[in-house]
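[1] need a 3D model of the following:
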Amino acid sequence: MPFARGVWGENDQIGMLNNISPKATARAAELVRSGRRFNLNLPLHLPLGTLGCGAHRRRKAPNQTLIKDDHSGLLIRDEKIDDFYTQGSTQWDGLTHVGDPGYGFYNGVSDAEVTQREGTKNGIEHYVRFGIATRGVIVDLPVLFAQQGREWSPLGRYEVSAAELAQCLAHAGITLVPGDILLVRTGWLELFLNQSQEGRERVFRGREHSGLSGDLSMWQFLWDNRVAAVACDNPSVEILPFQEGRPSLHLSIARLGLVLGELFDLDELAAESAETGRLTCMFASMPLNLRGGVGSPANAMALK
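    Next comes the predicted model:
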């Protein structure tokens, strides 16, 4: 399988975000016409805070504690958050989220170099220093597939191939340019939020999610089009469950430096885009400036 070691220099720690040039950011700013702003983040307690124990094999919803104090005639409020998993809600995968058993982490970083101490490699803070601001391209799969007569469900492991993704973009009249971030709506989040408690458990724990193909043709499509990142409204971007021994988009984090975003709230943005016919936006995100962070809440916004 291909890998991108050294393409952006032996010390590069941001992977395919390098495709976002100053020109790409300036070009994206020209898309802001009405001044409408769209929050793309779920509350931090969703989805795990609405599910029973063990919904995820490790992660939990954050436990927020309000601290009350009186000082110098003022009412003071502070807080702390326990069990805060940086990838428990709308999030970016950092470049140490997944490594290749033989190759290591992105750009050949070894496990010993991932310390979360001074000098640690491939931490999420490098996304922050670089700055994520570029054109977002909205790909609303349920709408686009319905227009083309193609069956689709956010559950059931319906798989979108690279050819089908290209066809969807062509159908929408979009030509990708270097630095684009794909905002792919599968309908999973809308389905999940509209369920009863029992239904949410079934949707989340079923792990039979539809999504993008993780095969090499998808790697090539994203690489050749110089895509900077892919963010979806489902928990995995690609179909689940993974098949051991086969390529996956998560493996391409290590191999290509692909940046993946999960559980993005794209419903309002997609609805407005369908109404106006404007399927591109300025996209900006400011992850946590967390040294050595494996991932981060996206803190993402679209502007139109």
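[2] can you give me the helices in the stretch 51-200 of the chain?
    If DSSP state H, counting those that start in this stretch is used as the criterion, the helices of the stretch 51-200 of the chain fall at 125-130, 141-148, 162-171, 188-193, 197-206.
[3] check which residues of the last one are buried.
    Under the neighbour-count criterion of 16 or more other CB atoms under 10 Å, helix 197-206 has 200, 203-204 buried. For the C-beta atoms, the positions are set from N, CA and C on the backbone; glycine is no exception.
[4] quick one: which of these is nearest V114?
    F204 (28.7 Å; CB to CB).
[5] so that closest one sits right up against P47, yeah?
    Yes. Applying CB atoms under 8 Å, one finds F204 in contact with P47, separated by 6.2 Å.
[6] give me the common contacts of these two.
    Common contact partners of F204 and P47 (CB atoms under 8 Å, 6 or more residues apart in numbering): 55, 192, 235.
[7] between these, which sits nearest Q87?
    Out of the shared contacts of F204 and P47, the member with the shortest distance to Q87 (by CB to CB) is P235, at 9.8 Å.
[8] now name the helix or strand holding F38.
    Secondary structure from DSSP states H and E places F38 in strand 37-39.
[9] quick one: average pLDDT of that strand?
    Per-residue pLDDT values over strand 37-39 give a mean of 98.
[10] buried residues in it?
    F38.
[11] circling back to that earlier point, could the buried residues of helix 197-206 go into JSON lines alongside distance to F145 and pLDDT?
    Output for the buried residues of helix 197-206, formatted as JSON lines (distance: CB to CB, whole Å; pLDDT from 0 to 100):
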{"residue": "R200", "distance to F145": "24", "pLDDT": "96"}
{"residue": "V203", "distance to F145": "20", "pLDDT": "95"}
{"residue": "F204", "distance to F145": "23", "pLDDT": "94"}
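[12] distance check, the closest residue in space to Y127 that isn't next to it in sequence against E262.
    Nearest residue to Y127, sequence neighbours excluded (CB to CB, 6 or more residues apart in numbering): P287, at 5.1 Å. Going from P287 to E262 by CB to CB, to the nearest Å gives 13 Å.
[13] before we move on, what about E151?
    In terms of CB to CB, E151 sits 24 Å off from E262.
[14] again, but for K60
    Going from K60 to E262 by CB to CB gives 17 Å.
[15] all strands for the chain, in order.
    Assigned by DSSP state E, the chain shows strands spanning 37-39, 63-71, 74-82, 91-93, 132-140, 159-160, 181-185, 211-212, 229-232, 259-262, 280-285, 295-297, 300-303.
[16] would you reformat these as JSON lines and include distance to Q243?
    Converted to JSON lines, the strands of the chain look like this (distance: least, CB to CB, whole Å):
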{"stretch": "strand 37-39", "distance to Q243": "35"}
{"stretch": "strand 63-71", "distance to Q243": "35"}
{"stretch": "strand 74-82", "distance to Q243": "36"}
{"stretch": "strand 91-93", "distance to Q243": "19"}
{"stretch": "strand 132-140", "distance to Q243": "24"}
{"stretch": "strand 159-160", "distance to Q243": "11"}
{"stretch": "strand 181-185", "distance to Q243": "21"}
{"stretch": "strand 211-212", "distance to Q243": "13"}
{"stretch": "strand 229-232", "distance to Q243": "19"}
{"stretch": "strand 259-262", "distance to Q243": "18"}
{"stretch": "strand 280-285", "distance to Q243": "30"}
{"stretch": "strand 295-297", "distance to Q243": "23"}
{"stretch": "strand 300-303", "distance to Q243": "30"}
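[17] out of the ones you listed, nearest to D12?
    Closest approach to D12 among the strands of the chain is made by strand 259-262 (12.7 Å; CB to CB).
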